Each structure stands twice: as structure tokens, then as C-alpha cells.
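>>> have a look at this prediction, sequence included:
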Amino acid sequence: MCADIKDGRETCTEDLRTSINKRCSGMSHCHYNLTEDHPDRECRCKGVIVLRYSCVPEKKIDKFCNIKITGTSGYISSPGYPRFYPKVSNCTWNLESSVKQEMKITLLDMDLRPGIQTKGKELCPDSLVILENSHKVLYTCGQADEKKRIPVLTTGGQVQITFKSNEFLPSRGFLLYYKFNGCQKLPPPRLGYLVYSNNRSAMYMCCKGHVFNDTLSNSLLLQCVDGTYWNGTVSQCLTVKEALRYRNNNTDDLDGHEADVVEVYLRKYKYIEEILIPAACVVGLVFGNVAIILLIQKIRKKRKTSSSHHNGRSTSVPPSVSSTQVPQTLHVPQTIPTEPTVPNVQKHTVVTPAAPKPPLPPPLPIVKQAPRVLMTDL
């Protein structure tokens, strides 16, 4: 950017990255001359060039083909960058992101054989292709310009970067930068499970009776730092005894604070297992028995009420008997005398002197009338 006040021109801006990359990208040191290296510049006014750059360690650049990249951010370059690129039929880099995890790919520098325009399409003899879940999102070749430097965004899944060349050329090749927006989802441990996970945090828990061997806790909360990596790792879930044994084997001694934490955890675990659960079972049994007893009493009362209504309909009470009169029990003698005479019967019989006295008929036993009396008194 420069401005020439004498000529009355407005502020002039121009992108110099293409010419600077040709001279300096990928090099440990370089010399750049604006007049010679950028002869077609538009801004010819006087000014100052301020250049910001960053040096990338070579070990952080993935330049070997057919590998799977597990990092959350880094650089990928063609083999031989920036001096040449060889003939390769299929050179790929595979990147895998979690579900709904965005990844940004920025093309920093590219110098490949230019393509051929046919029927409105560009055919590239040497090409750089980016696929997302087998769908093509970028197909390019030639020189990197402002349009080609626009970052490519992916929404998650399998990303494949493929480079092809038909022959060896003393051209720079390509250099790109990738970065995951949000931390990758870590798999849960054995005997554990994932509670939730998003771009900021993730929570894991161990199954009942197990703890994480590094914290001796059954829960683990991780934070995503700078949207690229977690502030910790997911350790394995072990029983309390196994976790203590593991820590004792890997450390000389256990400090007092950690011992107190373990003691409190064991005490709480025993309290739940030995007191709360049995007490809850006993209370449940007591309430169940009370409910059964009340149900039985209700059924008995209902049966007794229905039986009394049935007897009231089948018996008849004489009008002379009061409702408040207490029924009397009639005792019937077991043996009835047959020889004694009834005085009242002799008073009413006619005595004839001439005729013999006929035998008196036996009196009717009262036993036959007793059931009738009993039925009326009930």
C-alpha cells in the first residue's frame, strides 16, 4: 500500500503474495526485489513494504503420499516442494473429522502446470483435488491467485486431498494449511460412556463401581482449547482397587490428600450399598404387607354385608314380634312321656257307663312344631 500526495492519487493497494511466494515460500532464506520480481505492479508510487511471515518447522509439514493425518491442524505440501514435483499417479492425504466438525483448508501457494480450457471447463494435466465424503469440492491447477486462496470449508466426515502429475517438472508444487474448527470427538473408554460432546466441552463417565485411573473419579470433563485440542485425555476405567494398585505401581507413594479422597469415596460407596439399598427394600416390604392386610379386611367386610342382606330377605318376622325384642331360645326335651294323661283332655271327654272307655290317642309331639317356632324366633 502506498500513496503519492504530489500526484494527487488515492491510496493504492496491491497483493504481492504471488511474487513473494515464487521467491521465498518454502525457503529457509531468500532475496526479494520488488522491481525485478514484480514488474507488472500497478502501484508505482513511493512507499514502504511491510512483510509479515512465519517460519514452519519442516517436521510439521506432511509431504509424503498416501498417509492418514490425525492432527487437528498442520501443513500439507507436494513431494519436493518448493524446488520441484515428481511424476505421481495417485498421491493422497486422508483427514477424518467428527460429525458436524468443520474443517478449513487454505491454499497458501501453488505452482502447477496450467490447465487447458475446453468447452467452458478447465482440464488439468497436473491437478490438486479435494474430496469430502467422495464429493468433489475443489479441482484446480496452475498458479494460486486471490480467488483460489479462498478457504475451503468442510462440514465433517472423510476428507481426501489428491495430487496427480503426468511428468517431472521443476515447479514448486503446492502448499496448503488445514485446521479443524472444534475438537475431535474422543472415543469413550471400555466400561465407560460419553455423556455429551460439543465444540467447547465433553463429559465422560465410568460405569457403576469404576473410576478413571488418573483422577479416581467416575466423571471426566474436558475443555476444548483454541478450538483445536482437548486439555486432557480419556484414561481407562478401573475398579477402585485396581486404580489404586495402578497408581501405586506408577508412583512412589500416595500423598495424604489423595488418600483422603479415596477413603471418602469408599465410605460413600459402602453407605449406599450396605445401608440405603437394604433400608429401601425393608420399607417397601412393610408397605406391601400393610396394603395386603387392608385389602383382605375390605374383602371380608364386603362378604359379611352381602350375607346379612341375603338372610334378611329369606326370613319373615310376625307383626306381633317387636323389632327390638330379643329372640328367645326354645329348649325342646329329648324324651317325651307317653303314659301321663292330660287333665284338660279328660274334662272335655264324655263318659258313657255302658260302653268301655276308648283309648286316648297319643298326644302330638311338640317336636314337630319346634322347627316352626325356631324359624319365627330367628
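Done, it's in. Residues are numbered from 1 along each chain as shown.
>>> CA atoms for contacts and neighbours, from now on please.
OK.
>>> quick one: residue 302 is in a helix?
Yes. Counting by DSSP: H, G, I helix; E, B strand; the rest coil, residue 302 is found in a helix.
>>> burial of it, as a residue count?
11 (other C-alpha atoms under 10 Å).
>>> how near is it to residue 295?
Look at residue 302 and residue 295: by C-alpha to C-alpha, to the nearest Å, they are 11 Å apart.
>>> any low-confidence regions in the stretch 201-350 of the chain?
Along the stretch 201-350 of the chain, segments meeting pLDDT under 70 span 250-273, 309-350.
>>> for it, which segments are assigned as helices?
In the stretch 201-350 of the chain, the segments counted as helices under DSSP state H, counting those that start in this stretch are 240-250, 256-271, 277-314, 343-348.
>>> which residues touch residue 127?
Counting by C-alpha atoms under 8 Å, 6 or more residues apart in numbering, residue 127 touches 112, 139, 140, 141, 163, 164, 165.
>>> so what pairs up with it in the strands?
Applying DSSP bridges to residue 127 gives these bridge partners: residue 164.
>>> same deal with the one 5 residues further on?
Using DSSP bridges, the beta-bridge partners of residue 132 come out as residue 135, residue 159.
>>> quick check: which element contains the residue most central in space within the chain?
Closest to where the C-alpha atoms of the chain average out (C-alpha atoms, centre = their mean) is residue 195, at 4.9 Å. Using DSSP states H and E, residue 195 sits in strand 192-197.
>>> run through who's touching that strand.
Contacts of strand 192-197 (C-alpha under 8 Å, 6+ apart): 185, 187, 188, 202, 203, 204, 205, 206, 207, 237.
>>> number of nearby residues for the first one?
By that I understand residue 185. With other C-alpha under 10 Å as criterion, residue 185 counts 18.
>>> the last one too?
Residue neighbour count, defined by other C-alpha under 10 Å, stands at 27 for residue 237.
>>> OK, contacts around the spatially closest residue to it that is not a sequence neighbour?
Nearest residue to residue 237, sequence neighbours excluded (C-alpha to C-alpha, 6 or more residues apart in numbering): residue 212, at 4.6 Å. Residue 212 makes contact with 206, 218, 219, 220, 235, 236, 237, 238, 243 under the criterion C-alpha under 8 Å, 6+ apart.
>>> biggest separation within those residues, which pair?
Farthest apart among these by C-alpha to C-alpha are 220 and 243. That separation is 15.1 Å.
>>> what about residue 58, distance to residue 74?
For residue 58, the distance to residue 74 equals 11 Å [C-alpha to C-alpha].
>>> over to residue 154?
16 Å.
>>> who has more neighbours, these two?
Using other C-alpha under 10 Å as the criterion, residue 154 and residue 74 rank with residue 154 on top: 21 against 17.
>>> contact partners for that one?
Applying C-alpha under 8 Å, 6+ apart to residue 154 gives the contacts 102, 103, 104, 132.
>>> show the buried residues in the residues you listed.
102, 103, 132 (16 or more other C-alpha atoms under 10 Å).
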